[in-house]
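>>> dropping a prediction and its sequence here:
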Amino acid sequence: MSTSRLALAGGRPAVPPGAFGRRPVVTGRERRSINAFLNRPDFGVGLAASARPSNLLAGQWADYLGVKHCLAVNSGTAALHMCIAALDIGPGDEVIVPALTFWASAAAVLHHNAIPVFVDVEPRTFGMDPAKIEASITPFTKAIMPVHLHGMPAEMGKILKIARKHGLKVISDACQAHGSQYKGRKIGAIEDAAGFSMEVSKPLSSGSEGGLFVTNNDLTFERAKMLRQFGERIIPGRKREYNAFGVGWNYRISEFGAVFGLAQLERLDTTTRKRRRCCDMISSGLKQLKGVKPPFTPADRDPVYFNYVVEFSPADAGVDMEARPFRECMEKALRSEGVPMGTWQNIPVPAQAVFLKKNAYGKGCPWKCQHYRGSVSYRPEDYPETLRFLESHSYLGPFGGKIVPETRELAERCLEGFHKVFDNLDRVLALLNPAQKGKRATA
C-alpha cells in the first residue's frame, strides 16, 4: 500500500507540475525547416510542384505506408470525405460506421449526401464489431468505415472478409492511428482508401490542421485529385484550364503545415516506440490494482496509443457505486495527483442531435431527399457496448494538449499516482463521495 499522503488531503502530487509535455513536440528540426522555407523567395505560388513540401510529404507518407498514392490535404475530415467521394459513394448510398468515434467519421459520409448506418463496438478493443456488420447491410450499403480509435487497429481481417463477400468498399478512419499495424501491415495500406489527420495533437502533426488521403487504386486517386482542388484536372507542367469536371473543394494543405509535418515524420517511429514502451509499463503496473483495467491489445495488433485508455470498475474494486460517478471520482483523484485523466465525449455519435433530428443541412436531407430509398433509425440504446465504454472509460494524457507518457520516469510517476489513489480508495471515496454512495460492497 502507498504510504504517501493523498494530494486530495494536502499531500504532494505523484506527478509534479510541468512534468507532462504538450503536443506537438517542437524541436530544432521543425524550427530550422520552417525558417529555411520562409527564407525561400518562391515559397508561395511560384514554387515548383516537385519541390512543394505538400508533394514531398505525400510521397514520403506513401513510402512509409507502402501504398501507391497519397495526397496531403487540410484536415482528416477532408481526407475521409475524399475517400467517400473518390470511391463513388454519394446520394442514397449507405456507409457503415461504428457508434463510438469522433463525429467527423459520420460527417464525412453526410458531406457527400450519403447515409451513416451505425454498429456497436467490440467489448475489449472498442473497434467496430465485425459480428454486428452483416445485420446492418442493405441493398443501399456501399462501404464499411472501421475507425482505429485511440490508435488501436480494428479487426481488419474479418471486416475485409465481410466486405469482399458483399462487394463493399472499406475506408479506414485512421486519423489517430499513424503507424499502427494489423498482422504486421500498416493501417492505411490494406483498405480501398484511408484518411489520416495531422491536427495539432495527432501522432503526426502539421502544427495546426492537416490530413493525408491514401489509396492503392489509380482511378480512386485521380478522382481524389480533382476533389481536392475545385473539380479541376490540374497536371504539373501543363497550363491550368480552369475547367471543373464536377464539384470539388479547396482541400489543399498549407505548405507551412507540410514543412512541419515532414520534420515530424522523421522521428515518428522513434516517438511511437517510446510511447509504446511507457504504455506497456503502465499496463503492467495497473494489472496489480483492483478497480482499474489497462487497455487490451490483441496479439496481432500494434497500437500507437494516441490515447491511453483505462476502464474504471467499481465492481472489481468492491465498491457499491455506479460506473459513471465512480469514474468521475477516480478522474478527479488522479488529476489531483498530476495524472491528467478525462473523457472527450459522453454520448454515442448516433445520439447526437443531427441524427436524432435527421436534418443535416436543411429540409431533412439527406434522409428525406428523394434519392434515398432506405430507412435507418438512430437509437442510443442499440449500442450497449458504446454506452458502457462512455460510462466507465477514461483517457490518460490528451487533455490540454498533453502527451501520453514517453519517458520511463513519467510512466513511473503516473503509476505512483494510480497506486496512491487505489491503495487508499476508502479515503478517496470519503473525500469525494461523502453522500455514502461509494461504500464498500458487502457480501
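Arrived safely, thanks for sending.

>>> show me where the stretch 201-350 of the chain has its strands.
211-215, 292-293, 301-302, 308-312, 341-342 (DSSP state E, counting those that start in this stretch).

>>> buried residues in stretch 224-233?
Neighbour counts using 16 or more other Cβ atoms under 10 Å place 224-230, 232 of stretch 224-233 among the buried residues. (C-beta placed from N, C-alpha, C; glycine too.)

>>> how about the residues you listed in JSON lines, adding distance to residue 365 and pLDDT?
Formatted as JSON lines, those follow (distance: Cβ to Cβ, whole Å; pLDDT from 0 to 100):
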{"residue": "224", "distance to residue 365": "24", "pLDDT": "95"}
{"residue": "225", "distance to residue 365": "28", "pLDDT": "94"}
{"residue": "226", "distance to residue 365": "24", "pLDDT": "92"}
{"residue": "227", "distance to residue 365": "20", "pLDDT": "92"}
{"residue": "228", "distance to residue 365": "25", "pLDDT": "90"}
{"residue": "229", "distance to residue 365": "26", "pLDDT": "88"}
{"residue": "230", "distance to residue 365": "23", "pLDDT": "76"}
{"residue": "232", "distance to residue 365": "27", "pLDDT": "80"}
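
>>> what is the nearest of these to residue 199?
Of all these, residue 228 has the smallest distance to residue 199: 17.7 Å, by Cβ to Cβ.

>>> how about the closest one: what's its closest non-neighbour residue?
Sequence neighbours aside, residue 251 is the residue nearest to residue 228 in space, at 4.5 Å (criterion: Cβ to Cβ, 6 or more residues apart in numbering).

>>> any idea how far that neighbour lies from residue 257?
Using Cβ to Cβ, to the nearest Å, residue 251 is found at 13 Å from residue 257.

>>> what is in contact with the two at once?
residue 74 (Cβ atoms under 8 Å, 6 or more residues apart in numbering).

>>> helix/strand/coil for the nearest residue to residue 146 once chain neighbours are set aside?
Spatially, and ignoring its direct neighbours in sequence, residue 146 is nearest to residue 154 (3.9 Å; Cβ to Cβ, 6+ apart). Classification of residue 154 using DSSP: H, G, I helix; E, B strand; the rest coil returns coil.

>>> which helices and strands sit right next to the lengthiest helix in the chain?
What stands out as the longest helix in the chain, according to DSSP state H, is helix 268-286. Counting contacts by 3 or more Cβ pairs under 8 Å, 6 or more residues apart in numbering; DSSP states H and E, helix 268-286 packs against strand 308-312, helix 408-423.

>>> can you pull the contacts of residue 247?
residue 231.

>>> change it to 10 Å
Residues in contact with residue 247 (Cβ atoms under 10 Å, 6 or more residues apart in numbering) are 85, 112, 226-227, 230-231.

>>> could I get the residues you listed as a markdown table with distance to residue 197?
A markdown table is the format used below for the contacts of residue 247 (distance: Cβ to Cβ, whole Å):
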| residue | distance to residue 197 |
| --- | --- |
| 85 | 18 |
| 112 | 18 |
| 226 | 22 |
| 227 | 17 |
| 230 | 23 |
| 231 | 24 |
